[in-house]
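Colleague: pasting the sequence and the predicted coordinates here, then a few questions.
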Amino acid sequence: MNYNVENQKIELDGSIEVVIKREDLIHPFISGNKYRKLKYNLIRAKEIGATSLLTFGGAFSNHIAAVAFAGKSYGFRTIGVIRGNELETMQVLNPTLTFAKSCGMEFKFVSRAAYRQKTSQDFINLLRTEFGEFYLVPEGGTNNLAIKGCEEILVKEDYHYDFICCAVGTGGTISGLINNSKSHQKILGFPALKGDFLQQDICKFANQNNWKLITDYHFGGYGKIKPELISFINKFKRNHNIPLDPVYTGKMMFGIFDLINKGFFSKNSKILAIHTGGLQGVTGMNEMLKRKGQPLIEI
Ligand SMILES: *Cc1c(COP(=O)(O)O)cnc(C)c1O
């Protein structure tokens, strides 16, 4: 893994500085933050002698791809419990699941109703009956060890930024950023979904209150996209030569630019935006957009 990710400044008119931390460059298939979230979980799993990892995710999940790859790299059997049992009969797996399978991941497809039971002890016991002992990694990878890994995203060169921005799914990444930020910094989270529960979830993990969720840029919900988001992502790539994904980082960056235009940030603000990766999902998203006859994400 290449942990020497760079901070890359983007050229903008005006006094506000925007710098992007290229966590996406850690690995082409393992989104930056997913790898950080797994790091200490993998160490713990080895310590306790686990040989299998079991986790949960949707068919396009960056987390599923990351766990599959980590299992292959570090010698764990991996089991992915995938939301949507209609996928079982799919003739061709989508690019995310194709990659996960090529890493050796076994799948269990479950209905959306069953998937909602993913934290219930009964459901987990059933999974143990079916697959034997495993180290359980929660959906999205978020737990205390994941947050410890995400605390390593910020380094001392980053403490002069006024704002640190990141996309939010389960809130693990932003919690790590908050815990390792300086109190003069403000951490802005851009949820990629409509999640009223997020505020509370983050409070469980975060040990400072220098943060805020900006809830205006989820574009209708998780995985939902609009042509204006696609055209923003394509324009951003052409202007700055940095690819964004449509589920997380595209929405965050759209939000940052919109807030700059609306005067949210004061003059001379320095903003560090975390590129959490997610690019493995773009091919699958494009297949879907193509079927719907919508404009594609340029890759
Ligand atoms: C999973 C993911 C996030 C969200 O991270 P959380 O810790 O769940 O909030 C953000 N960006 C990308 C690219 C992701 O894959």
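Modeller: Looks like it came in fine.

Colleague: who's in contact with the closest residue to residue 176 other than its chain neighbours?
Modeller: For residue 176, ignoring the flanking residues on the chain, the nearest one in space by C-beta to C-beta, 6 or more residues apart in numbering is residue 150 at 2.4 Å. Every residue, glycine included, has its C-beta placed from N, CA and C. By C-beta atoms under 8 Å, 6 or more residues apart in numbering, the contact set of residue 150 is 33, 36, 37, 172, 173, 175, 176, 177.

Colleague: who touches residue 111 in this structure?
Modeller: Neighbouring residues of residue 111 by C-beta under 8 Å, 6+ apart: 84, 85.

Colleague: quick check: domain ranges of this structure?
Modeller: Domain assignment for the chain by automatic domain parsing gives 7-29+150-291, 33-141.

Colleague: columns distance to the ligand and mean pLDDT on top of the ones you listed, output as CSV?
Modeller: As requested, the domains of the chain are exported to CSV (distance: least, C-beta to the nearest ligand atom, whole Å; pLDDT from 0 to 100):
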stretch, distance to the ligand, mean pLDDT
domain 7-29+150-291, 3, 96
domain 33-141, 3, 94
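
Colleague: residues making contact with the lengthiest helix in the chain?
Modeller: Taking DSSP state H as the criterion, the chain has its longest helix at helix 32-47. Residues outside helix 32-47 that contact it (C-beta under 8 Å, 6+ apart) are 1, 5, 22-27, 53, 62-63, 65-67, 70, 74, 76, 135, 137, 140-143, 145-146, 148-150, 152-153, 172-173, 176, 274-277.

Colleague: buried ones among the contacts of residue 150?
Modeller: 33, 36, 37, 172, 173, 175, 176, 177 (16 or more other C-beta atoms under 10 Å).

Colleague: OK, contacts around the last one?
Modeller: Which is residue 177. Counted by C-beta under 8 Å, 6+ apart, residue 177 has contacts 150, 151, 153, 154, 164, 166, 187, 274.

Colleague: report how many residues lie close to the second one.
Modeller: Translated: residue 151. Residues lying near residue 151 (other C-beta atoms under 10 Å) number 17.

Colleague: picking up where we left off before, top of the contacts of residue 177 by neighbour count?
Modeller: Compared across the contacts of residue 177, residue 150 has the highest neighbour count, 30 neighbours, by other C-beta under 10 Å.

Colleague: isn't there a helix covering residue 128?
Modeller: Yes - Residue 128 forms part of a helix when assessed by DSSP: H, G, I helix; E, B strand; the rest coil.

Colleague: residues contacting it?
Modeller: Contact analysis of residue 128 by C-beta under 8 Å, 6+ apart lists residue 134.

Colleague: how near is it to residue 55?
Modeller: According to C-beta to C-beta, to the nearest Å, residue 128 and residue 55 sit 14 Å apart.

Colleague: now stretch 183-194: buried residues?
Modeller: Residues of stretch 183-194 classed as buried by neighbour count (16+ other C-beta under 10 Å): 185, 186, 187, 188, 189, 190, 191, 192, 193.

Colleague: can you tell me the helix or strand for residue 176?
Modeller: helix 172-179 (DSSP states H and E).

Colleague: which stretches of the stretch 51-200 of the chain form helices?
Modeller: For the stretch 51-200 of the chain, the helices defined by DSSP state H, counting those that start in this stretch occupy 62-74, 95-102, 112-115, 121-131, 144-150, 172-179, 198-205.

Colleague: packing partners of the longest one?
Modeller: Read that as helix 62-74. helix 32-47, strand 52-57, strand 77-83, helix 95-102 (3 or more C-beta pairs under 8 Å, 6 or more residues apart in numbering; DSSP states H and E).
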